[in-house]
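In: Give me a 3D structure for the following:
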Amino acid sequence: MHSSTAPPPQYATGVPAHHMTTPGEWSTGLCDCTKDMSSCCMTCWCPCITFGQIAEVVDKGTTSCGVSGALYSILCLFTGCECIYSFMYRSKLRQQYMLTEQPCNDCLVHCCCEWCALCQEYRELKYRGLEPSLGWQGNLAKQSQGVVMPPVGPGEMKR
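Out: Take a look at the predicted model:
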């Protein structure tokens with residue numbers, strides 16, 4: 001008996017899903033920051049960069065990493081309440097991938113665990129096949145490299 005396997009499911013971006021989780025479930029926990037040490041270190045030293053990268057990808061390129069990161073930095077420097085801005089992107093990310101609002105509401109997660117929340121969101125995008133450090137256009141280019149076009153012939157056949 002021959003069994004055929006279906007192609008892996010794809011997300012709205014056209015990128016195949018890696019390891020499927022239960023719908024609504026985050027791929028990693030809020031406190032799993034060390035599962036991706038490079039993003040963990042970047043977030044620890046310069047959270048504005050991590051946030052800018054997340055914002056650009058979540059907004060599908062309508063906002064730039066630089067502008068989002070700068071706004072985040074200004075809020076951090078002058079108010080200390082950058083979480084008021086960053087939690088909105090957690091909500092957008094959750095809506096895009098139908099993720100549960102856990103362990104509590106998005107604003108509270110960012111107010112209490114800002115860096116952990118940014119690390120989790122960054123990991124979630126990577127898990128979904130996106131590389132936040134490439135930006136939106138970089139991810140589109142990466143995806144288009146995987147598309148195979150049929151060869152083009154030298155012209156029409158003549159008799």
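In: ok, residues contacting the helix or strand hosting Ser73?
Out: Following DSSP states H and E, one finds Ser73 within helix 65-78. Residues outside helix 65-78 that contact it (Cβ atoms under 8 Å, 6 or more residues apart in numbering): 47-49, 51-53, 55-56, 59, 81-82, 84-86, 135. Quick note: C-beta positions are derived from backbone N, CA and C, even for glycine.
In: how about low-confidence regions in the chain?
Out: Low-confidence segments of the chain, defined by pLDDT under 70: 1-23, 147-159.
In: Identify each of the helices in it and give its residue range.
Out: 37-45, 47-58, 65-78, 83-97, 106-112, 114-127, 135-145 (DSSP state H).
In: Packing partners of the first one?
Out: In terms of contacts (3 or more Cβ pairs under 8 Å, 6 or more residues apart in numbering; DSSP states H and E), helix 37-45 is packed against helix 47-58, helix 114-127.
In: which non-adjacent residue is nearest the residue most central in space within the chain?
Out: Nearest to the geometric centre of the chain sits Leu125, at 2.6 Å (Cα atoms, centre = their mean). In space, and not counting its chain neighbours, Leu125 is closest to Pro132: 5.1 Å by Cβ to Cβ, 6 or more residues apart in numbering.
In: Glu56 contacts Ile49, correct?
Out: No: using Cβ atoms under 8 Å, Glu56 is not in contact with Ile49, being 10.9 Å away.
In: quick one, which of these two is more surrounded?
Out: Comparing Glu56 with Ile49 by other Cβ atoms under 10 Å, the one with more neighbours is Glu56, at 26 against 21.
In: Is Leu99 in contact with Glu25, as I believe?
Out: Yes: if you go by Cβ under 8 Å, Leu99 and Glu25 touch, sitting 7.3 Å apart.
In: So those two - more neighbours on which side?
Out: Neighbours per residue (other Cβ under 10 Å) separate Leu99 from Glu25, with Leu99 holding more: 19 against 13.
In: Run through the residues that contact the more buried one.
Out: Here Leu99 is in contact with Gly24, Glu25, Trp26, Leu93, Glu124 (Cβ under 8 Å, 6+ apart).
In: Relative to Tyr127, how far out is the third one?
Out: Here the criterion is Cβ to Cβ, to the nearest Å. By it, Trp26 lies 9 Å from Tyr127.
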